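Visitor: Model the following, please.
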Amino acid sequence: MSLSSRQSVIIALIVASAYFMENLDATVIATALPHMAATFGVTPVRLSIGMTAYLLALAVFIPISGWVADRFGQRSVFGSAIVVFTGASILCGLSNGLVEFTVARILQGLGGAMMVPVGRLAVLRGTEKRHLMRSIAYITWPGLAAPVLGPALGGFISTYFSWRWIFLLNVPIGLLGLVLTATFIPNYRESSRRPFDVPGFVLSGVALTCLMYGMELVGQPYGDWHITVAALTGGVVAAAFAVRHFRRAEHPLIDLAPWRIPTFRVTLEGGSLYVVSVSVSPFLLPLFFQLGFGLNAFAVGLLVLAYAAGNLAMKTVTTPVLKCFGFRKVMIVNGLLTAASIALCALLSPDTPRTLIMLVLLIGGLCRSMQFTSINTLAFADVPPARMSSASTFFSMVQQMTIGLGIAFGAIALHAAVLIHGGHAQLSLADFRVAFLLVAVLVLISVLYFIGIEPDAGCEVSGHTRAASQ
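Guide: A predicted model of the protein is given here:
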């Protein structure tokens, strides 16, 4: 079902706007928690249940997104997801208590769980291979920019206006997206109807919920380690049973066949390690500049804008670079540059010129953007149309997990640094330096996976072989 180049671009932009709304909403409330807690009459720690509820709802419902899209049509499901997400945003903005806010966040998670994989599926099904890289670039940048911009934007809105506008700003974006979805996205659905895999849904839901909750607890400095270990152990056991079920079931909720495709597998393995490592940055950088440099939230926001600028600036050169050098060379070299940019953060100090700090962050943003686009494109380069739905669902599940792992890894890295330096109570500049070096090592490990990529991998998408032969 390949569409015209113009329509595929429009669909990619529609999905990108929905992604931006969803990704921004997931991070923007972090700095607004004190203001919201004061309104609800609770502590910020208790209010964090709203963030946890959102992530758990995502984890539970992402696995069914592919089946729902195949059964009811991608336009119907994507449009409905926008309605649910936007409506839940209104409920969040109008909430006056913790219970109603938490329920609204669960609804938002349900909408987000359908938007992300189904939106990607609409792009993958409607885009020719030769235009796939461009479309993937459009839908990748929201996931890169939103986590960086979210905390600063949330702090600005809650300080100078009202925290309620954080959620109400989604309304015009959602309404516009709904109109464009109805106009441009075809309502493709599978002709054959698969029965719903109830055991698979239960097992995957339990596994992802336990793992996400466990990783959420790891990121909390005063979490109960007994509960954390129990949640993570339960998640691993449930995941093992889920994989066993999916391999044996006649109509599995998640088809594991895409895992046998080399390019899909290597981007999930090496790509997951990379995503874990770079997902630490939105967590570490604000703390690094606030606690290590003594900067206020506004000054930190201005600095990390350089990181976001790098994410966006790379979009103009991603396609020609991959066409010239191919996925393998780009992902290896870019991985090394990413590791270097993260390691350089360990050398920064309060005396470092602000322009030099912004240059390091800009380079980090450029590398992150290039690698994310490469991973997200190569993953689907060799997936046949019949497997696209399962591949998109599988990819979204793993990506959601790796983002959670990133925050957990950042917390673990800081904790390890504190232990190395004698177990002091307050985080120091030296602790952050150790954490950045540990993250850089994880990036280097991901590069080892990319070395195994075939030189001509994804050539139909990048055009690398054709360009070399001319």
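Visitor: And for T228, nearest residue in space, chain neighbours not counted?
Guide: Across the structure, with CB to CB, 6 or more residues apart in numbering as the measure, the residue nearest T228 apart from its sequence neighbours is L217 (4.2 Å). Just so you know, the C-beta spots here come from the backbone N, C-alpha and C atoms, and that holds for glycine as well.
Visitor: which parts of the helix or strand containing A411 are buried?
Guide: When secondary structure is defined using DSSP states H and E, the element that contains A411 is helix 388-420. Neighbour-count burial for helix 388-420 flags 388-415, 417-418 (criterion: 16 or more other CB atoms under 10 Å).
Visitor: by contact count, what packs against it?
Guide: In terms of contacts (3 or more CB pairs under 8 Å, 6 or more residues apart in numbering; DSSP states H and E), helix 388-420 is packed against helix 49-61, helix 65-72, helix 98-126, helix 198-218, helix 262-278, helix 281-287, helix 429-451.
Visitor: Quick check: L175 touching S89?
Guide: No: the pair formed by L175 and S89 falls short of the contact definition of CB atoms under 8 Å, at 11.1 Å.
Visitor: one step back: need the helices and strands packed on helix 388-420 in TSV with mean neighbour count, distance to A339 and mean pLDDT, can you?
Guide: As requested, the helices and strands packed on helix 388-420 are arranged in TSV below (neighbours: other CB atoms under 10 Å; distance: least, CB to CB, whole Å; pLDDT from 0 to 100):
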stretch	mean neighbour count	distance to A339	mean pLDDT
helix 49-61	21	28	80
helix 65-72	22	33	87
helix 98-126	24	28	87
helix 198-218	21	23	85
helix 262-278	23	8	88
helix 281-287	22	13	76
helix 429-451	20	4	89
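Visitor: Make CSV out of these and add distance to H245.
Guide: Compiled in CSV, the helices and strands packed on helix 388-420 are given as follows (distance: least, CB to CB, whole Å):
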stretch, distance to H245
helix 49-61, 17
helix 65-72, 15
helix 98-126, 20
helix 198-218, 6
helix 262-278, 20
helix 281-287, 34
helix 429-451, 27
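Visitor: Would you mind telling me which of the ones you listed is nearest G294?
Guide: Across the helices and strands packed on helix 388-420, the minimum distance to G294, taken as CB to CB, is reached by helix 429-451, at 10.1 Å.
Visitor: from the chain's centre, how far out does that closest one sit?
Guide: On the basis of CA atoms, centre = their mean, to the nearest Å, helix 429-451 is displaced by 19 Å from the centre of the chain it belongs to.
Visitor: List the contacts of that helix.
Guide: Contacting residues not belonging to helix 429-451 are listed as 266, 269-271, 273-274, 276-278, 280-281, 284, 287-288, 291-293, 328, 331-332, 335-336, 338-340, 342-343, 345-347, 349, 409-410, 413-414, 416-418, 420-421 [CB atoms under 8 Å, 6 or more residues apart in numbering].
Visitor: residues touching A146, list them.
Guide: For A146, the contact set (CB under 8 Å, 6+ apart) comprises 19-20, 23-24, 26-27.
Visitor: mind redoing it with 6 Å?
Guide: A146 makes contacts with 20, 23-24, as judged by CB atoms under 6 Å, 6 or more residues apart in numbering.
Visitor: Just the buried ones out of those residues, please.
Guide: Restricting the contacts of A146 to buried positions leaves 20, 23-24, with burial counted as 16+ other CB under 10 Å.
Visitor: re earlier: neighbour count for L175 and S89, which is higher?
Guide: Summary of the neighbour comparison: L175 and S89, criterion other CB atoms under 10 Å, with S89 having more neighbours (25 against 13).
Visitor: isn't that one right next to F167, touching?
Guide: Yes: assessed by CB atoms under 6 Å, S89 is found in contact with F167 at 4.4 Å.
Visitor: between the contacts of A146, which is nearest G66?
Guide: Minimum distance to G66 across these is 20.2 Å, recorded for N23 (CB to CB).
Visitor: does the closest one really touch I139, like I thought?
Guide: No: shown here, N23 and I139 do not form a contact pair, counting by CB under 6 Å, at 10.8 Å.
Visitor: Any chance you could list residues touching both of the two?
Guide: Common contacts of N23 and I139 (CB under 6 Å, 6+ apart): none found.
Visitor: ok, T52 - contacts?
Guide: T52 makes contact with E216, according to CB under 6 Å, 6+ apart.
Visitor: just checking, what packs against the helix or strand hosting C324?
Guide: Assigned by DSSP H and E, C324 falls within helix 318-345. When contacts are defined as 3 or more CB pairs under 6 Å, 6 or more residues apart in numbering; DSSP states H and E, helix 318-345 sits against helix 354-378, helix 429-451, helix 464-469.
Visitor: what mean pLDDT does the last one have?
Guide: Averaging pLDDT along helix 464-469 gives 54.
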